[in-house]
Each structure stands twice: as C-alpha cells, then as structure tokens.
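Participant: prediction below, plus the sequence it came from.
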Amino acid sequence: MTAPLRPTELRHRTAPTSEPLPDWALKTFEAYLPYVLGVTEPEHAPLVREATERFGAYVQAIPAHERGRDDLWTLLMWTRVHGTFFGGLPVAPWQQSPARRERFIRRFYGSDRTAADWVFDKIVSKLPLPQSPTIRDLAKSLREMMGLAFYTNPNADPITGYTRVWDRTYPDHPDVDLGRLRATRQPATFDPREVASVHMQGHPYEVPRLFAYDGRPRVAVIGSGAGGAVTAARLAQTGKYDVAVFESGPRLNPGRYPLDTLVGMSQLFESGLLTLSKNLDIHLLRGRLVGGGTVLTSGLSVEPRAETKDLWCATNGPLSIGVKRDAFDLGIQKVFKRQALGKIDPRVYTDASDLLGVGARKIGDTEPWAFDRDVQWNNVMMRRDQRPEPTRDQNGDSCFGCGLCNYGCHFGHKLSMDLTYILDAERAGARIHQNLPIERLEGHLEEGGMRVTHLVFGRGLDERVEVDHVVLSAGAVGSPAVLLRSEAHDGSWGRLPAFQNDHVGTGLGFNYGSGVVARWQNESARPGHMGFQIKFVATKGGDPDFEIPIPGKPAHRARYVLENAFVPPGLMSNVVPGVGAGHRDWMTDYKKLAMCASTIGSPQTGVIRGDRTVEYKLNQAEMDLNRDALAGIARLYFAAGASEVGLGGIRQPPEGGASETDTGQGLRLRAETHGDLTQAELAAALEPVVFEPEHIMLSSAHPQGGLRMSAHLDAGAVGPDFRLRGAHNLHVVDASLFPSTIVVNPQWTIAALAEVASEAIAQQLG
C-alpha cells in the first residue's frame, strides 16, 4: 500500500456561488409576495424588497453543484406562466394592476377542481421533468419560499412579536454572557458570497494528504452523521486502520452555526432545504455537513422501542437483521454514555409546551393519550457537568432555550456528533474531509464478488483515490444513490446479489408528518418561541397500529406519534394555513400559538434514483391515517381551550362551504363549530378537504431503508455482517439499513447499530 505517485491537487471547478436568478424571476417573486402573505400596505413595501433581495441571495448561496437553484427557477417560471395568462390579455406579473395580482393569487390558491387546473396537471405529468408539480404543489412551494424570505428578516418581527435571541434576557441563567449574545445581531440582508464561502472550505485538496499512507489499511468512511461518525471513531481508536471521513458539506464550529434561518438553509441543508419527492408530495430535509442530521435536531433521543428490537433481533423473523439483542442493547448503552444523554431542564419549557397534555387530561378518554410511552432523553446540555471541556464558543453552562436547534447550536450546548464521536475519531488519528462528496465507487470483480478499489469525487472534481475498505454512511437516500451511480458507470455492479434481487434503492420509508397550529385568545406569559422546542412524544391507546394495505404485498402496520414543537416565524409561516389576509392574521398572533406535528412511520414503498431523486406515493390508507392524526391533535387543543386550530398547507374549505370572509383563510377549525366533536367526527369533517397529499404540508427528516439489512440471503441488500451482499470490502452503516420504519427519532438507533457494526467490521478487517 503506497501513496499515489503524483501529488495531484483536487481543484474546485465550479463558481463559488450559484448563478443568480434572472430578473424576471425576482420580479415575479416580488410582484406576488404581498398578496400571498397579506402584506400589501405601503409600510410593508421595504420589507417586500428586502425579502426579494434575501431570496435572491439565498439562491446564489446554494452550492452550484446542487440543483436547488434550478428547482426554484422552475417554480417561478411556472408561476410566471400562470400569472401572465390569467385574467385577461397576457401581461407580465410585475406589470399587472394590484387588483389583477390579487385575483390571480385568489385563483392560484383556490379550488383545485377547475378545468384549467386539470389540463395543466395533465400536461406537466407528461413532460420529462425531474419533478411533476401540480397547481397545488407550485402554490405550496411558492408560499413556503416567500414566507421564509419575509419572516426570517429581523425587520419583520414587529408583525409577529418575535424576540430575536440577541434581544432577550435570561434571568434564570445568570451564566449567559449577554454582551456576547448582543454581538450576534444579524443584518436584514446578507452577501451570498460570504455565505457560500463555507462550501469552499478545504479546497483545493491534495490526494497525498487524504490518508496518512503509513502502511495501515485505508478505510474510507463516506458520511459523518450518526452512523459514519461512530464507525470512524471506533475503527480509528483501534489504531489498526488509516481512517478518513468524507463529508459532502462544510464543517463548522458552534459559533459559526448561523442565526439567520435563510442562511442556515443554504449552508447546512442539501439543495437549500428544498428537496422534494418526485411528485412533490413530501418535503425531504437532508442535512449536508460534518455531524450530519444530528446537528440539525433539537437533540431529542428516543431509544428504539422494545417492539423494534424484538422484530429486528428475532432469530428467524421476516424483519430479522441477524444482530443479537444483547449486542444491540450494549450499543444503545454506549451511545447513551458518550452522548451524555440527560433530561430536559424544566426551566427551558414554555407555556405552550404542555397544552396537548392539558387537553388529554381534560378529555380523559378510556384509551388516554400516553405522554411517557417513549422516554425523552436529550444530548443538549442541561447541566454544566455534561461537557467537562467547555469550548470557547460556549455561552453559558447549559441550554437556555433559544429555540434555534434546527440550524446547529450556535452557543455550543448540543452534543451532536461533530462535538463527540467526530472529535474522538480525529483524536485517534482519523482525517475529516469536508465539502468532498463521493460521486461513485470503482472496483473490479474477483472470485466471490466485487472489491472496491477507488473513490471518485463529485462536485465537478475529476479525481480518484485508492482505498482498501469503504464504509458507506451517506444516509438512507445518499448511500443507495452512490451505489446506483456506481452501477450506471460500471455495469458489473449489477451482478452483485444486492442488485440482482432489486434491493438497492428500493424499500424506502419515512417518519413523515404534518404540522398543526392552535390559537388562543390571549398571549401566554412565556410564548412558545422563548424556550425549548420539544417537550414530549405522545402516543394513543397503548401505541395502536394501523393496517395500511400495499398492492401486491403484505399490509404494513403503521403507527403515529405526536410531538409538540415550536419554530421561529420563518418556519411557522409554512405551518399556519391560508394566504393573503388569512395568513397574515395567523402570523400576527404568533405569540398566541401552539404547535404540534404528527409523525407517521410509513410503509417502505419508496424508490431512490442515482441523482438522489425520491419517488414515493401515499396511498389512500395513509391519507386516512394522516387525517386521524390531525384530528387527534385538533381535539386535544380544543380541549385545552384553543379558539381555532389550523392545518399546515394552503388548501381552502370545499366549494360552497366557505363564505367570502373565509377566502384565503386555509383549512381552519373553530371551537364554536368543531370544539365538541370526537376524534372520529373531526377526521370525517376533514375528509372532503384533505383527500390528497398535496392538500397538506408533509415533510420528513428521517428517511429509512433503501439498502435494507436482513438475516435472510434474498431479503435485503446488506447481511448481518453489515457488508453489501456480493462485495468483499464495502460495509453500510446508516438508516438505509432499517428493515422497517420506527416512528420515533432514529439517531440513537443509527448510532447504536454503528457501535455494533464497528466491532463486526473490525473483526472482518483483521
């Protein structure tokens, strides 16, 4: 094993920012934003201009090698086409009268049963496009981007009453340095070149420095999330292997995690957060940074349920992965210790945290909601001794409830993988390479299967690096996509059993769900944004499961849980219902709101393509389950005294069922008409409105499957030894292994499997 003969540099060959959107696209955005968000008064004009500038900068800050910019171009192109030809002679949106723009937005977000909509949907479905958007899909995505650009601007806070973290005081946390906090103040607009500069960190690369090249076997770990970080650390700590971690996104210290949500989207999420399933039914959140998705959560860690362990660790069951139960439990314990998991400090809870619990206690059903079915642990520091070595970025001894967890903890209180296992790996000699995605693997067939010999880098880099072993940990979408691109380049991959049995890129499922907001008449003393995001996970009736029929396959037993949550205004603008004045009405009452999300463990019927496109279609039984979950949340909030409950999305009440004053209000339920209904009655009331996935905002940060693990030779891509079937030196360690969706947050489960996998891999490598 020798170093490459020539010291080739891997040079970045793309522009540091994406190409700006054309002038017509930004003009279309600015022309319609006031009518979508209901900010049409003259005093809002500067905010609309700033939102347009922020949106343009955000698009440029998305890495040029990702397709986020092109997706947004397509979104605005179709919006322009619709707006230009609606309501009279063809006129560009920015040249239309205010009355015509308002009529178009009412039409665009109105009923989806018109002949014009039907014709558009049919035409688009026949076009060779990466996605096949319907009118409703376009409308949802447009409102999403407009709300984010507008309400992430600090200058828009007077509308919502939101208090930025640098303007707060923390009387219960005297350890917080308020001077340092004030210094984090963010401007209204930002320079896309500065934001995009994080994607250039580490470039250019030198091949001779990617590994130590000291004679030990070279192990390439692709991905640095819960699976890759743990595996890299444990293999490096043996001292036997030359370990290098390859991550497609940047590496940031806590103090560099952004406090501007729009900046965070472009820096930390693939395609700037706007990654969608092919039919745009599900919004997929995929982290792209050192530490992976563990950086982008609230720190919530839920142990895999006993039922999951029983099924996966069964000796010969259909979902058996061939891992012994005691080994799995030991892995869970190791992660618990290293991540310093603890309980949430009650001081960081808000008044909105327990409203679902208040409702459940008042209802007192014969099958009550259980708020302790899944014990919540957390890797966010709640006591000063959780991190014995404070970093210079840390402000205060523990979490003070800023509510910005989804973009990394700027104040150094979250023990995500970048601050635990990644550091362990580095201290043990592993090398961490940021902004270096892997395009494909190369190898050759030999007796008994495939041997991987090289990594080929993506992002426009035309270089290969020799390796001895590969651990694929790029996530449930990323890992199958790497293999599919490898097979497309070299058809010999298709001879492996994993490919021949059609187990690569199939069997994808999700924890997905939709948000619900509830409004009270009065503001609470401590509104939802002034503390920790999530307090509990609730299940109903002893964790019932629901049978979802799948054509040609056994029915899937699905479950759902409820998670209370709260998010900053930019994200809340995507959860509240309606458009125009109706949307503005909800945002004005931001401090009177509570929020909850349903989470459903879906069937694994999705498919992944080599370009990371995901195809997944909800069936009718899944829609029934979604309505049931949404109705359950609504009933709990009404019991707790909510005056209104709104469903995320832009769907309007059915034709003939809404008055003129309801136009633009979206789907909302009122206490006076719906407050006394049972859950079943509420679900029935939703059926005429919520009958297609595009009618609500469905999202998922937790894809699972795609390279499922199985003890049975013909039932999964990966065997009990964590090797891809048919490959000698290629292992898989991430959520793509899951043989079923697990409904609860999967990061602890992934890390526990990685603890097991690292021992198995080390034994195989000798």
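Facilitator: Done, it's in.
Participant: host element of G509?
Facilitator: G509 is located in strand 506-519, with elements delineated by DSSP states H and E.
Participant: what backbone torsions are found at H444?
Facilitator: Recorded main-chain torsions at H444 are phi -150, psi 150, according to degrees, to the nearest 10.
Participant: so which strand or helix has F55?
Facilitator: Residue-wise, F55 maps onto helix 45-61 under DSSP H and E.
Participant: what about that helix, distance to the chain center?
Facilitator: Its chain's C-alpha centre lies 23 Å from the corresponding centre of helix 45-61 when counted by C-alpha atoms, centre = their mean, to the nearest Å.
Participant: what helices or strands is that helix leaning on?
Facilitator: Helices and strands touching helix 45-61, by 3 or more C-beta pairs under 8 Å, 6 or more residues apart in numbering; DSSP states H and E, are helix 23-37, helix 68-85, helix 135-151, helix 192-196, helix 261-268. From N, CA and C alone the C-beta is placed, and that goes for glycine too.
Participant: give me the buried stretch members for that helix, please.
Facilitator: Of the residues in helix 45-61, those scored as buried under the neighbour-count criterion (16 or more other C-beta atoms under 10 Å) are 47-48, 50-61.
Participant: TSV for those residues, including pLDDT and distance to V36?
Facilitator: Output for the buried residues of helix 45-61, formatted as TSV (pLDDT from 0 to 100; distance: C-beta to C-beta, whole Å):
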residue	pLDDT	distance to V36
L47	98	13
V48	98	11
E50	98	16
A51	98	11
T52	98	13
E53	97	17
R54	97	15
F55	96	13
G56	96	17
A57	96	20
Y58	95	17
V59	94	18
Q60	94	22
A61	94	23
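Participant: and these, which is closest to D326?
Facilitator: Proximity of the buried residues of helix 45-61 to D326, judged by C-beta to C-beta, is greatest for A61, which lies at 47.7 Å.
Participant: stretch 270-285 - what's its average pLDDT?
Facilitator: Averaging the model's pLDDT scores along stretch 270-285 yields 69.
Participant: do the same with stretch 354-367
Facilitator: The predicted model assigns stretch 354-367 a mean pLDDT of 86.
Participant: in CSV, list the C-alpha atoms belonging to it.
Facilitator: C-alpha atoms of stretch 354-367 as CSV (Å, rounded to 0.1, in the frame of the first residue of the first chain):
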residue,chain,number,x,y,z
ASP,A,354,-47.9,21.2,27.9
LEU,A,355,-51.1,22.3,26.2
LEU,A,356,-51.6,18.9,24.5
GLY,A,357,-51.2,17.3,27.9
VAL,A,358,-53.7,19.7,29.4
GLY,A,359,-56.2,18.7,26.7
ALA,A,360,-55.6,15.0,27.2
ARG,A,361,-56.2,15.2,30.9
LYS,A,362,-59.4,17.1,30.4
ILE,A,363,-60.7,14.6,27.8
GLY,A,364,-59.9,11.5,29.9
ASP,A,365,-60.6,9.0,27.2
THR,A,366,-61.0,5.3,28.0
GLU,A,367,-57.8,4.9,25.9
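Participant: now the stretch 601-750 of the chain, which segments are flagged as low pLDDT?
Facilitator: Regions of the stretch 601-750 of the chain meeting the criterion pLDDT under 70 cover residues 650-664.
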